[in-house]
Structures are given as C-alpha cells and as structure tokens.
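>>> my questions are about this predicted structure, shown below with the sequence.
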Amino acid sequence: MAVRTQSDQLSVKIFSPFEIFYEGPASSLSAKTATGPFDVLYGHANFIGLLQQGKVVVRTPFGRRSYDINRGVLKVHNNYVVVFANI
C-alpha cells in the first residue's frame, strides 16, 4: 500500500458568509449535486458545481468532519477545493 504524503493532499476551505467551517489539508471531500453524490480526490479535474442540501464530508489528517449545508458552490482547481456554503 502506498504511503500518503502531504504533497498528495487536497487543500480545502469550507466557509459561509459568517464563518469558516474548515481550512486545511484533506485526503477527500464528498458532497452532492443535482446529479448525485460525488467525491473529490487528489488529482481531480478542475470544475465548478452547485451543491444541494446535505452533508459535506471532509477526510482530514485529524479525522472525518461533516458539515450540514443548505446549498453552496464548490470549486476545484489544482487540488485546491473551495466550498462557499449556505448562500
């Protein structure tokens, strides 16, 4: 099994207009769009998507974190993932 290094981690920021929920490294992020649930892993294609109500789950070096959102916008670019939630 390959050993994961920090260089193959995502950088994630999840925030709303009023607070930052999480900012830091992650091995993956899971959420839901109108077409269904999906995961973002290291090396994911760049894209922008509209998130539906549900959970955004981040797997961090500190454990799994889950955030309930009403809706949001997700942007993936060069292993940097931004979720602007509850807008």
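Nice, thanks for sending it over. Keep in mind that what you see is a predicted model, and the values were worked out from it rather than measured.

>>> check contacts around the residue minimising distance to the centre of the chain.
Taking C-alpha atoms, centre = their mean, the centroid of the chain lies closest to Leu29, which sits 3.9 Å from it. Counting by C-beta atoms under 8 Å, 6 or more residues apart in numbering, Leu29 makes contact with Leu10, Val12, Asp39, Val40, Val56, Val57, Val58, Arg59, Val81, Val83. For glycine as for every other residue, the C-beta is placed from the backbone atoms N, C-alpha and C.

>>> check Val56 too.
Ile14, Leu29, Ser30, Ala31, Ser66, Tyr67, Ile69, Gly72, Val83, Ala85.

>>> from these, pick the one nearest Gly49.
Using C-beta to C-beta, Ala31 comes nearest to Gly49 of the contacts of Val56, at 8.2 Å.

>>> distance of the residue lying closest to Gln9 once chain neighbours are set aside relative to Pro37?
Of all residues not flanking Gln9 in the chain, Pro25 sits nearest, at 4.3 Å (C-beta to C-beta, 6 or more residues apart in numbering). Per C-beta to C-beta, to the nearest Å, Pro25 is found 22 Å from Pro37.

>>> how about residues contacting the helix or strand in which Ser66 is found?
Ser66 belongs to strand 63-69 when assigned by DSSP states H and E. Strand 63-69 has contacts (C-beta under 8 Å, 6+ apart) with 14, 21-22, 51, 53-58, 83, 85-86.

>>> farthest pair within those?
Spanning the widest gap among the contacts of strand 63-69 are Tyr22 and Gln53, at 18.4 Å by C-beta to C-beta.

>>> re the thing from before, for the residue nearest to the centre of the chain, give me the pLDDT.
As predicted, Leu29 sits at a pLDDT of 98.

>>> given the helix or strand containing it, what are its sheet partners and their directions?
Using DSSP H and E, Leu29 falls within strand 28-33. Strand 28-33 has its sheet partners listed here by DSSP bridges as strand 36-41 (antiparallel), strand 54-60 (antiparallel).
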